[in-house]
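1. Quick one, structure for this:
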Amino acid sequence: MKKIPFNIFNSFYLNNKDKIKTISEKILSSGKYIRDENTEILEKNLSVICQRKHAVTTASCTDALFFAMKAAGIQRGDEVIIPTFSYIASLTPILMCDAIPVFADIDVNSLMLDISKVKNLINKKTKAIVFVQLFGSCRNLDQLKSLAKENDLILIEDAAQALGSTNNGKPSASFGDLSCISFDPTKIVSAFGTGGAVLTNNEKYYKKLQMLIHHGRNDNGEFESLGYNSKIPEITAALINLQLSQLDQTIAKTNNIAKRYISKLAHLTDIKLLSPNSEGISTYHKFVILAEKRVELKQYLTNHGVETRIHYSPLLHEQKLLKDYKYLVHDLSISKSIKNKVLSLPIYPGLKNDEIDYICDCIQKFYML
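-> Numbers count the residues shown, from 1 in each chain. Next up, the predicted model:
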């Protein structure tokens, strides 16, 4: 029996050990640990990759989402539309702004916010829409942008999982008035810890973001508003830049793994594969299937040494923390059905072909029992 973990976080380090040691030694010897040239280079790199005018790095993507909402002026009593099928970090920044989350349903194919249902959720209290790009795929948001503009709403793109993905030539994190990405260790570009960034083309938002991450300090060095301390270390920025230089190769590896999964699982009628938009590139941050008898399949894989995860259950509107907050719920029938079927299989650049084959064989044998 093989032992296959859900993820391995140290493969990039092991494959780039000498380069990482050289970079680390240079920065540690310099004594320049925060907001120096490596951070500037990273923000420029992100602006180019995501086709944005401005990028501001933060200590985490949760910070990035919170600062995006603060910069956009979201405040107590404002309603923010959000899919209920997402990670908790998509929700908590809304609560931190004392705003009201309005939970919406998802599209059955992409598992992302169902754009066709958003219009009916908008009222005079609505301030923003949060669209979450899930599992390394990127959905084109031009229609949602138009709807937001028509109703004077802020579109915040939670692209935490989608750096490097595209749709019709447009990169993820290029669609929102404000867009956020993550460098959590689970991402294909990670911070060896935590990190995030906010991207925008809006000069006013950019200036607010720069103040928010540094205690509310303005260009004159005056602390003119309430701010926070949320900066990415120089050594982290440098190591992210190194990973960005290999981003295409990393995406190619995860795509090859996904193709092998698809070729070996597509014939099974008891599971449904999530196919990314054929007009774009997915990074396959996650490889998610919709499985009948999901609980039993997960246990069977565990018994055979294969670690899996469930993303996301409970749904956001079912989280216990909401007992202390006001929120609104609409028809969530698809989300409620999907949460009982989703299962994430291992996918990371170091996953070997024989390991993929073993996982697929286990799945096939389970459904033959």
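
2. tell me the contacts of Lys253?
-> Lys253 makes contact with Pro349 under the criterion C-beta atoms under 8 Å, 6 or more residues apart in numbering. No exception for glycine: its C-beta is placed from N, CA and C like everyone else's.

3. and the helix or strand harbouring it, which residues are buried?
-> Here Lys253 sits within helix 247-265, counting by DSSP states H and E. Buried positions in helix 247-265, judged by neighbour count with 16 or more other C-beta atoms under 10 Å: Leu247, Thr250, Ile251, Lys253, Thr254, Asn255, Ile257, Ala258, Arg260, Tyr261, Lys264, Leu265.

4. If you drop the residues flanking it in sequence, what lies closest to the last one?
-> The reference is to Leu265. Spatially, and ignoring its direct neighbours in sequence, Leu265 is nearest to Cys360 (5.7 Å; C-beta to C-beta, 6 or more residues apart in numbering).

5. hang on, the earlier thing: TSV please, covering the buried residues of helix 247-265 and showing pLDDT.
-> Listed next are these as TSV, based on pLDDT from 0 to 100:
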residue	pLDDT
Leu247	97
Thr250	96
Ile251	96
Lys253	96
Thr254	96
Asn255	96
Ile257	97
Ala258	96
Arg260	97
Tyr261	97
Lys264	97
Leu265	97
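
6. where's stretch 67-86 relative to the chain centroid, distance-wise?
-> Taking C-alpha atoms, centre = their mean, to the nearest Å, one finds the center of stretch 67-86 at 16 Å from the center of the full chain.

7. Render the CA-only coordinates of that stretch in CSV, please.
-> Extracted as CSV, the C-alpha positions of stretch 67-86 are listed here (Å, rounded to 0.1, in the frame of the first residue of the first chain):
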residue,chain,number,x,y,z
PHE,A,67,-7.9,46.1,3.2
ALA,A,68,-9.7,45.9,-0.2
MET,A,69,-13.0,46.4,1.5
LYS,A,70,-11.7,49.2,3.8
ALA,A,71,-10.3,51.0,0.8
ALA,A,72,-13.6,50.6,-1.0
GLY,A,73,-15.4,52.2,1.9
ILE,A,74,-17.4,49.2,3.0
GLN,A,75,-18.8,49.9,6.5
ARG,A,76,-21.4,49.0,9.1
GLY,A,77,-24.8,48.0,7.6
ASP,A,78,-23.5,47.6,4.0
GLU,A,79,-24.6,44.4,2.2
VAL,A,80,-21.9,42.4,0.4
ILE,A,81,-22.9,39.5,-1.9
ILE,A,82,-20.7,36.4,-1.5
PRO,A,83,-21.0,32.8,-2.5
THR,A,84,-21.6,30.5,0.4
PHE,A,85,-19.3,27.9,-1.1
SER,A,86,-15.9,29.2,-0.3
